[in-house]
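Enquirer: Output the structure for:
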Amino acid sequence: MMLTRFAFLSLLASAGAVDHIQQPKKSPVLNQVTSQGCFDSLPNETISGQNSTFNTVGTCADYCQEKNTEVALLQGKSCFCSHSYPPEDSQVDDDQCDGPCPGYPRDACGGKDAFSVYNLGVNLLPGYDDGENKGETAATSTASALTKSAATSTTHNASADAEKASATKSEQGSVSTAAVEEPSKVANSASDSVVPATPSPTTSTVPNNGALRFSNPIGNAVHLMRQFLE
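Expert: Here you go, the predicted structure:
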């Protein structure tokens with residue numbers, strides 16, 4: 001009887017010891033907290049969390065969701081939050097995270113030099129801190145495309161402005177040329193329309209021009225008659 005009781009207690013102890021070993025990595029599920037394994041380091045961009053004697057996977061996950069992060073990391077009483085997993089090459093065997101959570105011993109809260117990592121179900125592809133981040137890559141590509149589009153648009157607008165300026169300058173040059181040519185045409189037109197001057201009467205160079213009209217006999221007779229009548 002005593003042996004059976006001892007065996008039962010040993011079984012419970014063994015079961016308890018197994019319970020708080022890190023759960024195997026699972027595929028992230030939307031709106032669910034899922035284990036992502038055990039790591040021996042933290043991400044570079046880690047938000048210092050809270051220390052609590054009642055630290056559990058659930059309380060740490062809630063805290064990190066309030067901080068608008070996607071990943072929760074636990075070690076003993078400490079809860080950390082991040083936007084990414086630790087470096088992928090820092091992942092270790094799950095049995096390295098064998099420390100029970102203070103608030104719920106059946107959960108694993110890291111180990112001596114290890115952290116239990118959980119996805120919070122907000123971003124299913126937060127990526128690793130070493131840059132293997134599909135979501136981040138997509139965001140970077142989108143930002144690059146927008147930047148390129150903006151640069152192209154700016155270049156196009158600058159080219160269009162340059163063309164407009166060139167066209168305006170050309171039009172102004174045409175107007176100036178027309179303005180110069182117009183007075184010239186008017187002057188030429190005025191020159192062409194000048195009426196030739198009428199020759200002024202000139203004094204006859206023929207001597208006694210008036211007297212010649214009376215050089216014939218009839219003229220002399222008329223002249224004498226006029227003198228007689230006078």
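Enquirer: can you give me the helices in the protein?
Expert: Taking DSSP state H, the helices of the chain run over residues 2-19, 57-66, 134-192, 217-229.
Enquirer: tell me the mean pLDDT over the longest one?
Expert: Average pLDDT, helix 134-192: 49.
Enquirer: Equivalent analysis for stretch 110-128, please.
Expert: Average pLDDT, stretch 110-128: 96.
Enquirer: And for stretch 43-53?
Expert: Averaged across stretch 43-53, pLDDT comes to 89.
Enquirer: mind exporting that stretch as PDB, just the C-alpha atoms?
Expert: Presented in PDB, the C-alpha positions along stretch 43-53 are these (Å, rounded to 0.1, in the frame of the first residue of the first chain):
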ATOM      1  CA  PRO A  43      15.200  40.500 -29.700                       C
ATOM      2  CA  ASN A  44      17.200  43.700 -30.000                       C
ATOM      3  CA  GLU A  45      14.000  45.800 -30.000                       C
ATOM      4  CA  THR A  46      12.400  44.500 -26.800                       C
ATOM      5  CA  ILE A  47      10.000  46.500 -24.700                       C
ATOM      6  CA  SER A  48      10.800  46.000 -21.000                       C
ATOM      7  CA  GLY A  49       7.700  44.400 -19.500                       C
ATOM      8  CA  GLN A  50       6.700  43.800 -16.000                       C
ATOM      9  CA  ASN A  51       7.800  41.700 -13.100                       C
ATOM     10  CA  SER A  52       5.000  39.900 -11.300                       C
ATOM     11  CA  THR A  53       4.900  37.200  -8.700                       C
END
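Enquirer: buried stuff in that stretch?
Expert: Buried residues in stretch 43-53, defined by neighbour count with 16 or more other C-beta atoms under 10 Å: Pro43, Thr46, Ile47, Gly49, Ser52. For glycine as for every other residue, the C-beta is placed from the backbone atoms N, C-alpha and C.
Enquirer: Roughly how far does the third one sit from His223?
Expert: By that I understand Ile47. From Ile47 across to His223, the span is 143 Å (C-beta to C-beta, to the nearest Å).
Enquirer: picking that back up, save the buried residues of stretch 43-53 as JSON lines, and put in distance to Asp129 too.
Expert: Formatted as JSON lines, those follow (distance: C-beta to C-beta, whole Å):
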{"residue": "Pro43", "distance to Asp129": "4"}
{"residue": "Thr46", "distance to Asp129": "9"}
{"residue": "Ile47", "distance to Asp129": "13"}
{"residue": "Gly49", "distance to Asp129": "17"}
{"residue": "Ser52", "distance to Asp129": "25"}
